[in-house]
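S.K.: Would you be able to build a 3D model of this:
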Amino acid sequence: MAYMVQGSRNGNPRRKAQTILVVDDKLDTLLLVRELLTSRGYNVTTASDAEEALQAIQADKPDLILLDVIMPGRSGYDLCRQLKDDPATRLIPIVMITGLSDRADRVRGIEAGADDFLSKPLYPEELYARVKSLLKLKHFTDELENAEAVLFTLALGVEARDPYTGDHCARLAHYAAELGRHLHFDYENIVALERGGYLHDLGKIKVPDEILNKGSELTPAEWDVMKRHPEDGEAICQPLKSFRRVLPIIRHHHEHWNGSGYPDSLDGHNIPVLARVLQVVDVYDALVTARPYKSALSETQARDTMLHEAKRGLWDYELVREFFHMLESERRAA
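M.R.: Presented below is the predicted three-dimensional model:
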């Protein structure tokens, strides 16, 4: 049966109560776990099988799952594998509860993505220790997600300082992820491109408004300030290990294929491919978006302009071609 357990706030009213989902089909185990967990201040709710557990997860995503291996219908292995394959639930710690002692069964659980194991019969102190340890781990994960959310908010704040960009970051995140899928990039790189779309100009938070909104008529000194924003953005995001694939995008999205860009004057394939992808979609969005000092180009005009600039050495020519092939394919599919 599946049950959801909500942890106490431990005297801290600011901390969100943590939730545990336990999946087991046996009534005696259900009653035992409910008694043990309620004695430690948790609230317990129940469901009866894997399908009901999925409904419970959809209704209220838990912080920890205690999952029985043997159940009618879909097994605990199958449910664990599904949850770990889903980006929305893959970070939820899963403890598999089993009466099976064979090493091969545990290997099967590890291959399914289980984070830990409990053996039947359950011993209260072992149950408490596993729950406490993994809930602490989930709390750290939540804190990391909160830190990421702060950076995204800051990035959108930077965008809001320019009233003419509209939803530029959201468009870049969309275009970049779509181009990544078109190029058959893996999931982690597509996520990095989406994040890069929002965070690429985060370093502009350190650029004064009088420079940021001045347009193209910058003095050499002002231009030096503006050109530091990729390095500043990288430095802001550097402490978060979850952003390691995003850092090259932030730092190198203003490099040029011929080496004339900044901050490191990289050229050709020395420019990380994710940064080159973001360059292409960034330039496209700039060309097809109207600004006070220019009108919007059509898609055809943008394509011709970007291919011409790519031949001059500014962008990755093949990526530019692939981007417009992607747009054409999407148009035909629609």
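
S.K.: From now on I want contacts and neighbour counts done on CA atoms only, so please keep to that.
M.R.: Noted.

S.K.: Now for this structure, the helix or strand with the poorest mean pLDDT.
M.R.: strand 2-6 (a mean of 41; mean pLDDT, DSSP states H and E).

S.K.: quick one: average confidence on the helix or strand just after that one?
M.R.: Per DSSP states H and E, the first helix or strand lying C-terminal to strand 2-6 is strand 19-23. Here strand 19-23 scores 85 as its mean pLDDT.

S.K.: Does anything pack onto strand 19-23? Which helices or strands?
M.R.: Where contact means 3 or more CA pairs under 8 Å, 6 or more residues apart in numbering; DSSP states H and E, strand 19-23 is packed against strand 2-6, helix 50-59, strand 64-68.

S.K.: who does the last one pair up with?
M.R.: When sheet partners are counted by DSSP bridges, strand 64-68 sits next to strand 19-23 (parallel), strand 94-98 (parallel).

S.K.: For T289, which of the helices and strands packed on strand 19-23 is the nearest?
M.R.: Among these, helix 50-59 comes nearest to T289, with 38.4 Å by CA to CA.

S.K.: Now the closest one: buried residues?
M.R.: In terms of neighbour count (16 or more other CA atoms under 10 Å), helix 50-59 has its buried residues at A50, E52, A53, L54, A56, I57.

S.K.: And the residue nearest to I249 when sequence neighbours are not counted, what's its pLDDT?
M.R.: In space, I249 comes closest to A275 once its chain neighbours are excluded; the distance is 4.2 Å by CA to CA, 6 or more residues apart in numbering. In this model, A275 is scored at 97, pLDDT.

S.K.: neighbours of A275, just the number please.
M.R.: A275 has 23 neighbours, counted by other CA atoms under 10 Å.

S.K.: tell me which strands and helices the host helix or strand of it is in contact with?
M.R.: A275 belongs to helix 273-288 when assigned by DSSP H and E. The contact analysis (3+ CA pairs under 8 Å, 6+ apart) places helix 273-288 against helix 168-182, helix 187-199, helix 247-252, helix 299-311, helix 317-333.

S.K.: Check which residues of that helix are buried.
M.R.: For helix 273-288, using 16+ other CA under 10 Å, the buried residues are 273-285, 287-288.

S.K.: now swap in stretch 208-223 and tell me
M.R.: I211, L212, E222.

S.K.: got these as JSON lines, with distance to Y293, secondary structure and pLDDT columns?
M.R.: Formatted as JSON lines, these follow (distance: CA to CA, whole Å; DSSP: H, G, I helix; E, B strand; the rest coil; pLDDT from 0 to 100):
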{"residue": "I211", "distance to Y293": "16", "secondary structure": "helix", "pLDDT": "85"}
{"residue": "L212", "distance to Y293": "15", "secondary structure": "helix", "pLDDT": "81"}
{"residue": "E222", "distance to Y293": "20", "secondary structure": "helix", "pLDDT": "92"}
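
S.K.: Nearest to R332 among the residues you listed?
M.R.: Nearest member of these to R332, counting by CA to CA, is L212, at 38.9 Å.

S.K.: neighbours around H182, how many?
M.R.: Other residues near H182 come to 15 when the count uses other CA under 10 Å.

S.K.: E148: which of the helices and strands packed on helix 273-288 is closest?
M.R.: E148 lies closest to helix 187-199 among the helices and strands packed on helix 273-288, at 9.8 Å (CA to CA).

S.K.: Can you give the distance of the closest one from its chain's centre?
M.R.: 7 Å (CA atoms, centre = their mean, to the nearest Å).

S.K.: just stretch 201-212 next, same as before
M.R.: 25 Å.

S.K.: Any regions of the stretch 151-300 of the chain where pLDDT drops low?
M.R.: 162-166, 215-216, 292 (pLDDT under 70).

S.K.: how deep is L127 tucked in, by neighbour count?
M.R.: 17.

S.K.: orientation of the host helix or strand of it relative to strand 19-23 in degrees?
M.R.: Per DSSP H and E: L127 is located in helix 124-160. Counting by axes from the mean of the first three to the mean of the last three CA atoms, to 10 degrees, helix 124-160 lies at 130 degrees to strand 19-23.

S.K.: Which parts of helix 124-160 count as buried, going by neighbours?
M.R.: In terms of neighbour count (16+ other CA under 10 Å), helix 124-160 has its buried residues at 127, 130-131, 134-135, 137-139, 148, 151-152, 154-156, 158-159.

S.K.: What is it packed up against?
M.R.: strand 64-68, helix 168-182, helix 187-199.

S.K.: May I have the first one exported as PDB, CA atoms only?
M.R.: Meaning strand 64-68. C-alpha atoms of strand 64-68 as PDB (Å, rounded to 0.1, in the frame of the first residue of the first chain):
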ATOM      1  CA  LEU A  64      10.900  10.600   0.100                       C
ATOM      2  CA  ILE A  65       9.400   7.300  -1.100                       C
ATOM      3  CA  LEU A  66       9.500   4.000   0.800                       C
ATOM      4  CA  LEU A  67       8.700   1.400  -1.800                       C
ATOM      5  CA  ASP A  68       7.900  -2.300  -1.400                       C
END
